[in-house]
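In: Structure for the following, please:
(2 chains)
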Amino acid sequence: MSDPATVVSGDERVKTTSPLRKALLRPELGAIFGTVVVFAMFALLASNSGMFSAAGILNWSTVSAQFAIIAVGACLLMIAGEFDLSIGSMIGFAGMSIALLAVTFGWPMWAAILVTFAICLAIGALNGFIVVKTGLPSFIVTLALLFILRGFTIFVPQTLERKTIIGGIREAADGDWLASLFGGKVLTPLFSWMGDNGWIEVYDRGVNAGKPIVDGVPALIVWALVLVVFAHVLLTRTRFGNWIFASGGDARAASYVGVPVNRVKILMFVFTAFCATVLATCQVMEFGSAGADRGVLKEFEAIISVVIGGALLTGGYGSIIGAGLGALIFGVVQQGLFFAGVESSLFRVFLGLILLLAVVLNTYIRRLITGER
Amino acid sequence: MAKPVIEMKDIEKHFGQIIALAGVSLEVVPGECHCLLGDNGAGKSTFIKTMSGVHKPTKGEILLDGAPLSFDTPRDAIDAGIATVYQDLAMIPLMSISRNFFMGNEPLVGRGPIKFFNHELANEVTMAEMRKMGISLRGPDQAVGTLSGGERQTVAIARAVYFGARVLILDEPTSALGVRQTSNVLATIDKVRKKGVAVVFITHNVRHAMAVGDRFTVLNRGKTLGTAPKGEITSEELQDMMAGGQELATLEGSLSGTV
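Out: You can find the predicted model right below:
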């Protein structure tokens, strides 16, 4: 046995890395790169279209925030090694539940929201419980829930109200303390002050003359930011975050060292359901109605954002910051093509291309970091 | 001889109609490396999984420091000081070395109900423990996937010892390794044994067993064929017992001692 000290002094087989390379080699590198490219592209293509005016920024950041809210849940769940295809149906279901409870049954809005959250979190837990207990792929289990939830979302309002769009939410939510957490706007004084100083556009005629066109930050965007920060801290800075990585990286290895893998996975399904319900509640407050077709295909938008953000589909690897940037890219491209006057059907072509590029780039980056071959 | 840390007495394990273990006994004393030898299907894996709390024995007794006990989960065994390093399940390659090292035992920092993973401490400890084992890391955030198989085994062993393992079970730690990596792992076993840890080394490679073993127990078709201390048994005898005697002896003639 050689003296340990001489072994430590340097291993000729380990290449030294520069600090720059180390700082750049992050799971979200691909998403950072993509964000820069997308913004540069639209700065050239759509700079005169108002895309970067206050109203334009509000437009694409709202869309991005919608993607981000569900992407955060999907990201943690994917890192924990599971999928949820019922996110979209859950959005429709949650919105309809709030509308039926508050409008049809006349409950106070706060009670309708709280009960809806309780139901949806329970369904999330059920998703997780079935996956964990049966050992079936979450892809199949949540696909079943996708149909079951969507079916109920259409059936119940049709039976009760003979329609699939329930309106009158705004009236029911008026002055409700909990509803304002989802439908309100923050920083309104700041925006009127900026309008008064002429820094942002104001209406120049009508009843709103002198008021800023963008009069505050919608609660939706605040929720997105809060969820991104919360999930990022949870994932990178806490014990539970380590368990999320471990559960998705290798569930058996993790449970052999005492990580409660099943609990982690079920909780992540619950968190995903929570994120979907937050988005549903914000949407219902914004539109003033709930529709049975809300949230269709949202699960794929969430998963696309997460994958653009550098997460590995099979779990154990990923970044919330990346998922947030993935959602931003998604929102900016979708709205930016509209601002740039590009035929809207081409959006899907762009999306597919971005997805493919991001995955190729992310795979390459991941191999550099993890030494996968 | 010192008192055994752990004694397994007449352990039986049945899976439905299959009798995987039909009475296996083993005892390990601190500071010894006890080799458990057996061919594929002899019941080695079932036995160590019983020892580490993954399976409950159908019959038989487990004594820790002379007191009987039963494990419901692997966590119970870990808490009792029995750590197991599995051949291919030791580490999660996508995660960093320090995250792997503290997996399930994350150090926390912070006041009140909100506690954070103490990355600084974790990184420091990981680097120090790896240095002791003779592995130089680029950094504690290096992914385990960048390590070689032998280094991964060493990280897993260092982790078990750091967290106070008194009994260390190694499940075929050398079977997938090259010559040099194998000798590194065997050297690690020697270091750990000298610290007073009781090591159970599972292998079907007699040469690896002979290199570090103090006592040898051979398992065949779910039963122990007996235990012999070092110097009282030759590698040929071990080899014969593992194979169940007959066939290999005739085979050995034609292969002229290469098996």
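In: contacts, neighbours, all on C-alpha from now
Out: OK.
In: separation between residue A:356 and residue A:344?
Out: Here residue A:356 is placed at a distance of 20 Å from residue A:344 (C-alpha to C-alpha, to the nearest Å).
In: and if you look at residue A:295?
Out: Residue A:295 sits 19 Å away from residue A:344 when distances are taken as C-alpha to C-alpha.
In: Repeat that for residue A:177.
Out: Residue A:177 sits at a distance of 39 Å from residue A:344 (criterion: C-alpha to C-alpha).
In: Around the closest residue to residue B:149 other than its chain neighbours, count how many other residues there are.
Out: Leaving aside its sequence neighbours, residue B:149 sits nearest to residue B:177 (C-alpha to C-alpha, 6 or more residues apart in numbering or on different chains; 6.5 Å). Applying other C-alpha atoms under 10 Å in any protein chain shown, we find 16 residues neighbouring residue B:177.
In: Need the three-state assignment for residue B:177.
Out: coil (DSSP: H, G, I helix; E, B strand; the rest coil).
In: Residue B:47 now?
Out: Going by three-state DSSP: residue B:47 is helix.
In: show me what contacts it?
Out: Contacts for residue B:47 (C-alpha atoms under 8 Å, 6 or more residues apart in numbering or on different chains) come out as B:21, B:24.
In: repeat for residue B:198
Out: By C-alpha under 8 Å, 6+ apart, the residues touching residue B:198 are B:5, B:28, B:29, B:30, B:31, B:32, B:33, B:34, B:166, B:167, B:168.
In: Go through those residues and flag which are in strands.
Out: Among those, the members found in strands (DSSP state E) are B:28, B:33, B:34, B:167, B:168.
In: Just the pLDDT for the fourth one.
Out: Same thing as residue B:167. On pLDDT, residue B:167 comes in at 91.
In: How many neighbouring residues does it have?
Out: There are 29 residues near residue B:167, going by other C-alpha under 10 Å.
In: For it, give me its contacts.
Out: B:5, B:6, B:30, B:81, B:82, B:83, B:197, B:198, B:199, B:200.
In: got these as JSON lines, with pLDDT columns?
Out: JSON lines is the format used below for the contacts of residue B:167 (pLDDT from 0 to 100):
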{"residue": "B:5", "pLDDT": "88"}
{"residue": "B:6", "pLDDT": "88"}
{"residue": "B:30", "pLDDT": "91"}
{"residue": "B:81", "pLDDT": "88"}
{"residue": "B:82", "pLDDT": "89"}
{"residue": "B:83", "pLDDT": "87"}
{"residue": "B:197", "pLDDT": "91"}
{"residue": "B:198", "pLDDT": "92"}
{"residue": "B:199", "pLDDT": "92"}
{"residue": "B:200", "pLDDT": "92"}
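In: and which of the residues you listed is nearest chain A?
Out: Each of those was scored against chain A by C-alpha to the nearest C-alpha, and residue B:83 proved nearest at 8.5 Å.
In: Can you pull the residues of the stretch 101-250 of chain B lying near chain A?
Out: B:103-104, B:106-108, B:115-119, B:131-136, B:138, B:142-147, B:187 (C-alpha under 8 Å from any C-alpha of the partner chain).
In: Show me those residues that map onto helices.
Out: Cross-referencing those against helices under DSSP state H gives B:119, B:131, B:132, B:187.
In: which of those has the most neighbours?
Out: Neighbour counts for these (other C-alpha under 10 Å) peak at residue B:119, which has 21 neighbours.
In: Local confidence estimate at that one?
Out: Here the pLDDT value assigned to residue B:119 is 91.
In: which ones are touching it?
Out: Residue B:119 touches A:237, B:107, counting by C-alpha under 8 Å, 6+ apart.
In: what does residue A:340 give?
Out: With contact taken as C-alpha under 8 Å, 6+ apart, residue A:340 is in contact with A:42, A:45, A:46, A:49.
In: can you pull out the strands in the stretch 51-200 of chain B?
Out: Here the stretch 51-200 of chain B has its strands, by DSSP state E, counting those that start in this stretch, at B:59-64, B:67-68, B:82-85, B:108-109, B:116-117, B:167-171, B:198-203.
In: returning to what we had before: just name the closest of the contacts of residue A:340 to chain B, please.
Out: Closest to chain B out of the contacts of residue A:340 is residue A:42 (35.4 Å), distances taken as C-alpha to the nearest C-alpha.
In: So for that closest one, what's the pLDDT?
Out: Value for residue A:42, per-residue pLDDT: 89.
In: Likewise for residue A:360?
Out: pLDDT, residue A:360: 88.
In: Report all helices and strands that the stretch of helix or strand it belongs to contacts.
Out: Assessed by DSSP states H and E, residue A:360 sits inside helix A:346-370. With contacts taken as 3 or more C-alpha pairs under 8 Å, 6 or more residues apart in numbering or on different chains; DSSP states H and E, helix A:346-370 sits against helix A:29-45, helix A:298-308, helix A:320-339.
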